[in-house]
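Asker: let me see the structure of the following:
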Amino acid sequence: MRLKQRPADFKVTELLRDGLLVPRAEHRVYRVTKRKLTSLEAAQELAAELDLPAAGEISMAGLKDRQGVTIQYMSVPKGKPLKLRREGLTVEDVGCIDHPLDSEDSEGNSFEIVVRDLGPPELDRARRSLDPVREHGLPNYFDEQRFGNLRHGQG
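Answerer: As a prediction, this is how the structure comes out:
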C-alpha cells in the first residue's frame, strides 16, 4: 500500500460555517486552491495580486499543508473581485463577511486520500472496515485541531 505518491493524492478542503458568506460586507472572502505552497506563501501571492503592501492584511481560518492540494479561504478588508489561475494557485472571490476570517468561522476540514497498490488482503480488510468506520469514525491523532508549529510555541 502506498500513500501520497502524487500531490493530488492528498486533498484537504476547509469547511466554512453555513450562512457565513453574504453578498456584501466589509471583508471579501476568496477561495484559494493551492498546490506546493504554504498558506502564507499563497497569502503573499494574493496580497501581490491585490496590490496590498503585505500579506498581513489577509486573514484566514487556519493554515493548510504545503503537500497535496488544499482548498482554504482568506479574507481581505475592502478586497476587490478577483479570479486568478496560475500553476499551483487558483483564487476566486466567493462572497463577503463583516469581520476578518478566523478559526471560529471554520467547521473543520474534509480530507480525500488516494491509496495506491492495495493487495487483495489489504483491500479485503479495508472493505470489512467500512461499516465500523461509518458507525464509529476514525481516531483523530491530532486532537481537536492541529494549529501552528510546535517548534515556535504554537499549537
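
Asker: and the biggest helix by length in the chain, how far from the chain's centre?
Answerer: Counting by DSSP state H, the longest helix found in the chain is helix 120-136. Computed by CA atoms, centre = their mean, to the nearest Å, the chain-centroid distance of helix 120-136 equals 27 Å.

Asker: got a list of contacts for it?
Answerer: Here helix 120-136 makes contact (CB atoms under 8 Å, 6 or more residues apart in numbering) with Met1, Val115, Leu118. Yep, even glycine has a C-beta here, placed from its N, CA and C like the rest.

Asker: was I right about the second one contacting Arg2?
Answerer: Looking back up the chat, that one is Val115. Yes - under the criterion of CB atoms under 8 Å, Val115 makes contact with Arg2 at 7.5 Å.

Asker: these two: who's more crowded?
Answerer: Taking neighbours as other CB atoms under 10 Å, Val115 and Arg2 compare with Val115 leading, 14 against 10.

Asker: run me through the strand neighbours of the worst-scoring helix or strand of the chain on mean pLDDT, direction for each.
Answerer: Ranking every helix and strand in the chain by mean pLDDT, DSSP states H and E puts strand 2-3 at the bottom, with a mean of 78. Next to strand 2-3 in the sheet, as set by DSSP bridges, lie strand 115-116 (antiparallel).

Asker: any idea how far the partner strand is from the chain center?
Answerer: The mean C-alpha position of strand 115-116 is separated from the chain mean by 22 Å, CA atoms, centre = their mean.

Asker: report the contact partners of Cys96.
Answerer: By CB under 8 Å, 6+ apart, the neighbours of Cys96 are Leu21, Val22, Pro23, Arg24, Ala25, Glu26, His27, Arg28, Val29.

Asker: try it again at 6 Å.
Answerer: For Cys96, the contacting residues are Val22, Arg24, Ala25, Arg28, by CB atoms under 6 Å, 6 or more residues apart in numbering.

Asker: which of the helices or strands spans the last one?
Answerer: Pointing back at Arg28 there. Arg28 belongs to strand 27-35 when assigned by DSSP states H and E.

Asker: can you tell me the strand partners of that strand and which way each runs?
Answerer: Taking DSSP bridges as the criterion, strand 27-35 sits next to strand 69-77 (antiparallel), strand 89-97 (antiparallel) in its sheet.
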